[in-house]
Every structure is written in C-alpha cells, then in structure tokens.
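S.K.: Sharing a model prediction with you, sequence too.
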Amino acid sequence: MTEDAPPAQALSAAFDGDLLTDYVPDALGAVDVRRLLCTGRPLEDPLHVGHLRVPLARRLEVVPVVSCAARARMLRLTEQALSAHVPRPEVFSYRSLDWRYRPAYQERQHHLRALAARGGLPLVLVLDVHRFGRSLPLDVLCRTPWMTERLAEALTALYSAAGRALLPGHRWANRLATAVLAPLDDAVASLAPGRWTRWGDDLHVFVRDHAEADDIRAAAAAVLRRLGLRLSAEKSTVTGAASVLTRSARVIRGRAQDVWRSGLSDGDVQALRYALPRTPPDDTVSRTLVGAVRDHPGLLPRAVHYLDRAAHSPAARAAAEDLLLTAEPDAFAAARLLPLAARHPGLVPAVPDALLAVAEESEVGPLRELAFRVAVSGGRRHTWPPTPRMRGRLAQGAELARDLPDVNTLL
C-alpha cells in the first residue's frame, strides 16, 4: 500500500463534502483547515471527543464529535490507505476521493428501479448489518489488506477516546465502512451476479424466490461472522421487488414549494427534507417552518439552511427569531442555530442566554467556539476563554465578517 499524499485539491474538495454531514458547523468555516489540506502541512490537533444527542428519524442517538482538524487528518490518512481500493460497481456509497453524494444516490435509485423492473425477480432481499458503525471490531478493521500503520494508529487512538473506530457522518469513516465490507460484496456477487446493490451497510438483492433469498442471507451471515458482525434481525427482510419504488428508490418530483405543502399535509418527512434545500424564499414555507421543525426535530439542519438563504424576507426573519426563542436549549439546537446567528448578526439579540450557555458549557469544543464567536459578535457576555484558534482570528471586530460558519448540509 502506498502512503503517498492524495492530490491536495481533490482532498480539499472531499473535505468540503465531509463538512456537509458535520453535526457541529465549524465556527470559522474550516478555512484554516482547508489551507493546511491544500498545502500538505500537518494536521496535528489534540484529539478530544465530545458527544451530542441528535434526533434521527425514529430515535435520539448520541454521536461523537471531533474538531475539523481531526476530521481532515483522518480523511487524509484514509485516502492514502484506500488509494488502490476499487469497490465493485454495484456499490454506490463512498467509492472514491472524488465521489459525490447526490449523483451517487440518484444513480443508485436508477439502478434499483431498473432491477425492480426486470422479469423473473419478484422479490428483494434487504440486508442490513446490526449497528455496523458501533459494532465493527477495531482489530478486524486494522487487519484489512489496505490498512496502513499510520491509519491504524489513528484509529486505535480514536477508539480509545470514542469507544468506536468509525464516527457517524464522517466521509472518511464511510469510505472505510464501504471498503471493509468488500468480502460481503464478493459473496453476494457470486450468488446473485448483476442483481444487487449496496449503500453503506444496506444491501438489496433481487431474487427468484424465498429459497434463493435464504441461501444468500446465510452466505452473508457467514461472511459477517468472520468480520465480527451480524445481520439486523429487524431490518433484514424479504419483500416484493416493487417495494423499492416507494422506499430506497423513491423519486420525489415537482416544484419544491408544492412538495413542501404536500409533505406537510401527509406528514412526509422525506418530502420535507427534499423540499427545504430546493425551495426559494417562500412566505408559506417560512410561516409553516417552525411548526414542521417542532413536529420533526431532525429537520432543523435543513431548516437553518433554508432560513440562511431566505433571511432577507420578513417572514423568514420572523421564523428564524421564533426558532431561536422557542427552541429547546440543547446542544443540537445550539449547533444549528448559532451558525445562523453568526451569519446574520441581526439575529444575535434574539439568541437566548440559555442557548448560549448550553453551548459554552458543552464538552464539544467546536460548539464552544461557535458560542464564543456569536457572543463576541453581539457584545454578549461569554464565560469561556477563546481557544488559540479563535483568539487569533477574532481579536479584531473587523475579522468577524470573514470566514463565516457554513450551514449547507446533507443532514
């Protein structure tokens, strides 16, 4: 395996994609980290892991959070290790350094729809690995054929600090997760050539009957046992092939504002998630946004993305202030709303003291940096001293207009 550095510009572009799934946006837009990536300079940063409670579709989950520099260092080490690894073409997730989320997701949708339309394959076997990111043994990951000594050392340190080797929402972790399941791909490809897809640890295998599904499930389970993993009993199922058209291969179409309205009436969170990043400033969307976020807290990141674009609108400004004033004062809300206030200083007076306090007192370093930035920009009291990074950038008031947090998101 080579440990040559990946192309700097491609690595920086991949890091931009990584930040779209960052649970705590960087207070400085990660501009300094991008510069280090582009120049190939060291990304040494003391590893500190904080934890954030995040509302997902059906549950709350506690996710580990590290600094931007730590993310970037892991990305660089991962791409060095995987420089020669090429997944099978049926694998659509996190394939390469220049992989992009939305085109890959759409390509997978197209492939699933084509398989569902094939004759003689009336069933689809859905396979899901039980708690894959949390369950993958560190020693299994470190014994993969493409592993490098430096990456193994970094993963071991991360495991000691976070209790897991793969962090949710990190591009580098998804790259490793995609690669480590290559033996599973080989087994499925030998039994159902050209009739399957994988995204992350989710497989769809189109089969002729239940007997074939049972054979493939057994083979997959055997491979996973060798990797210290097992199938999810709840999520691994056999269903009609056409079911993918309303689930994984569902295509949402229409004018974004219309999709938003129908999503509200149907309680369709997928439609609401689709509409928010695509909707131009719209008074109806702005007036109904706060209620939608209260009903579905996981919409908050995309709601902030919408409000950032629509902030010049009186209705959107009112929605932003309402969200700030009524949001639960927890770390997840602070992680999304404080960047919005940093980008639009007129909102800073509406930031409740309780929301700033929960950020300032958090164990998550990037969240404390956000709180410091917002407090300083609005002349608010702050209790935590600035980090060296923030001290250097925010020493003068003129600096506050530069290097804003980024609220673009795939969350």
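M.R.: Done, it's in.
S.K.: C-alpha from now on. contacts and neighbour counts both.
M.R.: OK.
S.K.: how about the strands of the stretch 151-300 of the chain, start to end?
M.R.: When assigned using DSSP state E, counting those that start in this stretch, the strands of the stretch 151-300 of the chain occupy the ranges 196-199, 202-207, 237-240.
S.K.: so what strands line up beside the last one?
M.R.: Read it as strand 237-240. Counting by DSSP bridges, the strands paired with strand 237-240 are strand 123-128 (antiparallel).
S.K.: next one: the second one
M.R.: Note on strand 202-207: by DSSP bridges, its sheet partners are strand 123-128 (antiparallel), strand 196-199 (antiparallel).
S.K.: any low-confidence regions in the protein?
M.R.: Counting by pLDDT under 70, the chain shows low-confidence ranges at 1-4, 394-400.
S.K.: Domains in it, by residue range?
M.R.: Domain assignment for the chain, taken from automatic domain parsing, gives 88-129+181-251, 256-401.
S.K.: Can you say which of these is nearest to Leu52?
M.R.: Of all those, it is domain 256-401 that lies closest to Leu52, at 6.6 Å by C-alpha to C-alpha.
S.K.: Quick one: end-to-end distance for the closest one.
M.R.: 31 Å (C-alpha to C-alpha, to the nearest Å).
S.K.: Same question for stretch 139-146.
M.R.: When the termini of stretch 139-146 are compared using C-alpha to C-alpha, they are 14 Å apart.
S.K.: got it, and stretch 84-99?
M.R.: From its first residue to its last, stretch 84-99 covers 15 Å (C-alpha to C-alpha).
S.K.: distance between that stretch and the chain's centre?
M.R.: Taking C-alpha atoms, centre = their mean, to the nearest Å, one finds the center of stretch 84-99 at 17 Å from the center of the full chain.
S.K.: wait, which of the domains of the chain is closest to Val49?
M.R.: domain 256-401 (7.1 Å).
S.K.: residues touching the closest residue to Leu121 other than its chain neighbours, list them.
M.R.: Across the structure, with C-alpha to C-alpha, 6 or more residues apart in numbering as the measure, the residue nearest Leu121 apart from its sequence neighbours is Arg208 (4.7 Å). Arg208 makes contact with 120-123 under the criterion C-alpha atoms under 8 Å, 6 or more residues apart in numbering.
S.K.: that older thread, including mean neighbour count and distance to Ala84, could the strands paired with strand 202-207 go into CSV?
M.R.: Conversion of the strands paired with strand 202-207 to CSV gives the following (neighbours: other C-alpha atoms under 10 Å; distance: least, C-alpha to C-alpha, whole Å):
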stretch, mean neighbour count, distance to Ala84
strand 123-128, 23, 27
strand 196-199, 22, 20
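S.K.: Tell me which of these sits nearest to Arg317.
M.R.: With respect to Arg317, and counting by C-alpha to C-alpha, the nearest of these is strand 196-199 at 38.0 Å.
S.K.: what's the span of stretch 62-71, first residue to last?
M.R.: With C-alpha to C-alpha as the measure, the ends of stretch 62-71 fall 18 Å from one another.
S.K.: Just the residues contacting it, thanks.
M.R.: With C-alpha under 8 Å, 6+ apart as the test, stretch 62-71 has contacts from 23-24, 26, 30, 33, 43-45, 47-54, 162, 167-168, 170, 172, 364-366.
S.K.: Let's see which of those residues end up in helices.
M.R.: Those of the contacts of stretch 62-71 mapping onto helices are 33, 162, 172, 365-366, per DSSP state H.
S.K.: May I ask which two of those residues are separated the most?
M.R.: Looking across the ones in helices among the contacts of stretch 62-71, with C-alpha to C-alpha as the criterion, the two at the greatest separation are Val33 and Ala162, at 22.0 Å.
S.K.: start to end distance for stretch 95-109?
M.R.: For stretch 95-109, the first and last residues are 16 Å from each other (C-alpha to C-alpha).
S.K.: which of the residues in it are buried?
M.R.: Buried positions in stretch 95-109, judged by neighbour count with 16 or more other C-alpha atoms under 10 Å: 95-97, 99, 101, 104-105, 108-109.
S.K.: any idea which of those residues is closest to Leu338?
M.R.: Of all the buried residues of stretch 95-109, the one sitting nearest Leu338 is Tyr101; the distance, using C-alpha to C-alpha, is 26.0 Å.
S.K.: Contact partners for the closest one?
M.R.: Contacts of Tyr101 (C-alpha under 8 Å, 6+ apart): 93-94.
S.K.: Quick one: the domains of the chain as TSV, columns for distance to Met74 too.
M.R.: As requested, the domains of the chain are arranged in TSV below (distance: least, C-alpha to C-alpha, whole Å):
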stretch	distance to Met74
domain 88-129+181-251	13
domain 256-401	17
